[in-house]
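Student: only geometry, no sequence info:
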C-alpha cells in the first residue's frame, strides 16, 4: 500500500501542445511513459505504485483532443471532460445509457477532471462509460507515428488495466454511430453509496418493431476481467417477440455467462445473483424508450 | 533528482510564483508551501472531496492534481471565500447559523461546493444541492444541516 499523501515516485513531466508533438514523445519514451489526462486514475495509480513511468505526458494542453462533433457519427475527442460529454448527452434523445453512466460517476470534481478517453484507457472492469459505449457500437480511433487504426471498443479492452494500445500509440477519439429510430438504451449500476464505483453495472440497447426486438446489445461491467458484451443473451432476444418466458430465459443465460469475481466491493455470488434482475430492469427501461410497453 | 519547474498561480486573488517538483501535488503546495491549510487531506484517492479547491472556477480535487498541471490557473481556496477584512461569505454565515459544522474537516470542501453551485444556479432544488455535494463526505452531520444551510442561501 502506497502513501496517498505525497507522490514518492519521480518522473519527468512533459506537456505537449499538439498531437504530432505527443506522438513524437510517445515514439521516444512510449515503453516507459504514461499519458495523463485528468489524473483521477493515474495519480492514485502512482500513489499505490501500480504504475511507475519515467515520463508522464499530459494531454491536457492539447486542444485538438477536446471536441464533440455529430454528423453521421458522434465523435468525441479522447481528452474531452466527462462533464462536457454529460452535458452534451443531457439535451439528447439518444445516448441515454451514456448519460446515465456519466451521471452515476456523480462527483462534480471527478467529472471536471476526468476525460472519456481516460476512463476507457484505464480499462477498469468497472469503468462506467464502457457498457454504454459497448452497446451503442462504440469504436475508438488510435493513432501513432506509424499510422491510425479504428477498432471496436470490445477489441480495445484486453484485461484489467490493459488495452490494445501499443506503447507508441494514443487514443484520438471515441466514435458512436447515431442510433436508429425505434431504438432505446439504458444503463443501471449497483453501488454501495452515491458516487461510488460499481459493484456491477449493465447497459442495454434495443431496436424494436412493436413487440419484436429486432436488434439487441447487452453489456455488463465488473463481471469479468473487462467490460463485456453478453452475446449469448443478445442472440436469445434478437429477432424475437419479447414475452416473459423468453425474457426470463435470457436473464438466466446472462447470469450463467458472466464470470464475476469476489473483491472488496462485492462477492461472486451476489454479482451473479443480482445480474438477472439488473439486466431485466435495464432492458425494460431501454425497451420502453424504444417506444411502447413491454 | 527531478528538475523543479517554475509555476505561476493566482491564489485567492494573489499572484504566486513557485518552483515545484513534477511530482508535487497541488494540495501540498497549498498547505505546506503557501500555508493555506483549509483544503484538507483525507482519503488521498478521490473519494471524499475534502481537498476540494476551485481551479478556474471549477471544483477539483487538489490531492489528485499535479501542481505543474495547473500552471497559470486561478485558484480559490476556502481562505479566499471571506472578504479580505474578515467579513464572512453568506454561505459561511449560513453554515454557522444552521450548525452545519461539527468536526469541521469537510467544511472547506462543502462551502466551496456550495459556492460553485450557487454561482452556477442561484436557486437550486434540494435534489440539486444533494447531487452537487455527492462527492463530499461528512461523517458528523448526516448532511441535513449542510443542505439546510445551502438552501438558506438560495435567491
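Tutor: The structure has been received and is ready for your questions. Bear in mind the structure is a predicted one, so any value in this text is a computation, not a measurement. Numbers count the residues shown, from 1 in each chain, chains lettered A, B, ... in the order given.
Student: How is chain B partitioned into domains?
Tutor: Following automatic domain parsing, one finds the domains of chain B at B:5-80, B:90-152.
Student: Sorry, slip of the keys, the one I care about is chain A.
Tutor: With automatic domain parsing as the reference, chain A has domains A:12-58, A:65-177, A:183-289.
Student: ok, residues contacting the top helix by length along chain A?
Tutor: In chain A, with assignment by DSSP state H, the single longest helix is helix A:268-289. Outside of helix A:268-289, the residues within contact range by C-beta atoms under 8 Å, 6 or more residues apart in numbering or on different chains are A:96-97, A:184-188, A:190, A:199-206, A:208, A:213, A:218, A:220, A:222-223, A:233, A:242, A:247, A:250-252, A:254-255, A:258, A:260-262, A:294. Any C-beta I mention is one placed from the backbone N, CA and C, and that applies to glycine too.
Student: Could you pull up the mean pLDDT of that helix?
Tutor: Confidence over helix A:268-289 (mean pLDDT, whole number) is 95.
Student: Now do the buried residues in it.
Tutor: Neighbour-count burial for helix A:268-289 flags A:271-272, A:274-276, A:278-280, A:282-287, A:289 (criterion: 16 or more other C-beta atoms under 10 Å in any protein chain shown).
Student: What's the end-to-end length of stretch B:31-49?
Tutor: Stretch B:31-49 has an end-to-end distance of 16 Å (criterion: C-alpha to C-alpha, to the nearest Å).
Student: tell me the secondary structure for residue A:111?
Tutor: helix (DSSP: H, G, I helix; E, B strand; the rest coil).
Student: what about it, how many residues close to it?
Tutor: 24 (other C-beta atoms under 10 Å in any protein chain shown).
Student: Find the nearest non-adjacent residue to it, please.
Tutor: residue A:83 (4.2 Å; C-beta to C-beta, 6 or more residues apart in numbering or on different chains).
Student: sorry, back to before: list only buried entries from the contacts of helix A:268-289.
Tutor: A:96-97, A:184-188, A:190, A:199-206, A:208, A:213, A:218, A:220, A:222-223, A:233, A:242, A:247, A:250-251, A:254-255, A:258, A:260.
Student: Adding mean pLDDT, write the domains of chain B out as TSV.
Tutor: Formatted as TSV, the domains of chain B follow (pLDDT from 0 to 100):
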stretch	mean pLDDT
domain B:5-80	97
domain B:90-152	97
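Student: could you dump those domains to a markdown table with mean neighbour count and distance to chain A?
Tutor: Formatted as a markdown table, these follow (neighbours: other C-beta atoms under 10 Å in any protein chain shown; distance: least, C-beta to the nearest C-beta, whole Å):
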| stretch | mean neighbour count | distance to chain A |
| --- | --- | --- |
| domain B:5-80 | 20 | 3 |
| domain B:90-152 | 19 | 3 |
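Student: and of those domains, who's closest to residue A:5?
Tutor: Closest to residue A:5 of the domains of chain B is domain B:5-80 (C-beta to C-beta; 5.7 Å).
Student: Now name the helix or strand holding residue B:117.
Tutor: helix B:107-120 (DSSP states H and E).
Student: Does that helix pack against any helices or strands, and if so which?
Tutor: Here helix B:107-120 touches strand B:52-55, strand B:58-61, helix B:90-97, helix B:126-132, helix B:144-152, going by 3 or more C-beta pairs under 8 Å, 6 or more residues apart in numbering or on different chains; DSSP states H and E.
Student: which residues touch stretch A:109-118?
Tutor: A:37-42, A:59, A:65, A:76-83, A:85-86, A:102, A:105, A:129, A:171, A:173-174, A:195, B:46, B:49, B:52, B:58-61, B:64-65, B:135.
Student: Give me the pLDDT value at the most centrally placed residue in chain A.
Tutor: In chain A, the residue lying closest to the centroid (C-alpha atoms, centre = their mean) is residue A:130, at 1.7 Å. Model confidence at residue A:130, given as pLDDT, is 97.
Student: My read is that it contacts residue A:120, right?
Tutor: Yes. Using C-beta atoms under 8 Å, residue A:130 is in contact with residue A:120, at 6.6 Å.
Student: For the residue nearest the centre of chain B, give the beta-bridge partners.
Tutor: Centroid check for chain B by C-alpha atoms, centre = their mean gives residue B:53 as the closest residue, at 3.3 Å. With DSSP bridges as the criterion, residue B:53 is bridged to residue B:60.
Student: measure it to residue A:13 for me?
Tutor: Distance of residue B:53 to residue A:13, given as C-beta to C-beta, to the nearest Å: 20 Å.
Student: go on, residue A:252?
Tutor: 51 Å.
Student: try residue B:122
Tutor: From residue B:122 to residue A:13 the distance is 39 Å (C-beta to C-beta).
Student: and the residue of chain A most remote from its centre, helix, strand or coil?
Tutor: Relative to the centre of chain A, and counting by C-alpha atoms, centre = their mean, the farthest-placed residue is residue A:245 at 30.8 Å. State at residue A:245, reduced to three classes by three-state DSSP: helix.
Student: neighbouring contacts of stretch B:19-34?
Tutor: With C-beta under 8 Å, 6+ apart as the criterion, stretch B:19-34 contacts A:5-13, A:43, A:46, A:56, B:2-7, B:11, B:16, B:18, B:36-37, B:39, B:41, B:51, B:53, B:62-70, B:75, B:77.
Student: Could you rerun that using 6 Å?
Tutor: With contacts defined as C-beta atoms under 6 Å, 6 or more residues apart in numbering or on different chains, stretch B:19-34 is touched by A:7, A:10, A:13, B:2, B:4-7, B:36-37, B:39, B:41, B:51, B:62-63, B:65, B:67-68.
Student: same thing with stretch B:98-106?
Tutor: By C-beta under 6 Å, 6+ apart, stretch B:98-106 touches B:40, B:50, B:95, B:107, B:136, B:138, B:140-141, B:145-146, B:148-149.
Student: can you give me how far stretch B:103-119 is from the chain middle?
Tutor: Distance of stretch B:103-119 from its chain centroid, counting by C-alpha atoms, centre = their mean, to the nearest Å, is 6 Å.
Student: now swap in stretch A:113-122 and tell me
Tutor: Taking mean C-alpha positions (C-alpha atoms, centre = their mean), stretch A:113-122 and its chain are 9 Å apart.
Student: And stretch B:74-88, by the same measure?
Tutor: 11 Å.
Student: Endpoint to endpoint, it covers what distance?
Tutor: 21 Å.
Student: One more: stretch A:35-52?
Tutor: Terminal-residue distance, stretch A:35-52 (C-alpha to C-alpha): 12 Å.
Student: Report whether it contacts chain B.
Tutor: Yes. With C-beta under 6 Å from any C-beta of the partner chain as the criterion, chain B is reached by stretch A:35-52 at A:39-40, A:43-44.
Student: Buried residues in that stretch, which are they?
Tutor: For stretch A:35-52, by 16+ other C-beta under 10 Å, it's A:35-47, A:51.
Student: hmm, back to that, number of residues surrounding the residue nearest to residue A:111?
Tutor: 19.
Student: same question, residue A:117
Tutor: Count around residue A:117 with other C-beta under 10 Å applied: 26.
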